[in-house]
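J.: Here is the input, now give the coordinates:
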Amino acid sequence: MPLPDDELTPTPITHVPSDEFLKTGSWRTFRPVIDRDKCIKCYICWKFCPDVSVKVADDDAYPEIDYEFCKGCGICVRECPKDAITMEKEVRTR
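T.: Below you'll find the predicted structure:
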């Protein structure tokens, strides 16, 4: 049985994660790459991205991948109706 609200003790927030803490792009082994010649700007990739890593600047812009947060799951590739997104091997530089 849950405690009533008046019996809960407030706990102070000791750490608020920053964007740096939340960046997950280093997890990838493959990265999605959008071919603008094939892209029809349907934004299905944006709609299905579970990490909100596909960005659209305005109503007529091509989608872009925010590689700092993209985990490389490939859902955008599977959902693209025009096969405009491919997965390419991640190349790390030190």
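J.: Quick check: closest non-adjacent residue to Met87.
T.: The shortest distance from Met87 to any non-neighbouring residue, by CB to CB, 6 or more residues apart in numbering, is to Phe30 (4.1 Å). C-beta coordinates here come from the backbone N, C-alpha and C atoms, glycine included.
J.: and the gap between Thr93 and Lys71?
T.: Going from Thr93 to Lys71 by CB to CB, to the nearest Å gives 19 Å.
J.: More neighbours: those two, which one.
T.: Ranked by neighbour count (other CB atoms under 10 Å), Thr93 and Lys71 place Lys71 first, with 16 against 3.
J.: Pretty sure that one sits in a helix.
T.: No - the assignment for Lys71 (DSSP: H, G, I helix; E, B strand; the rest coil) gives coil, which keeps it out of a helix.
J.: Would you confirm that it contacts Trp27?
T.: Yes - taking CB atoms under 8 Å as the definition, Lys71 is a contact partner of Trp27 at 5.1 Å.
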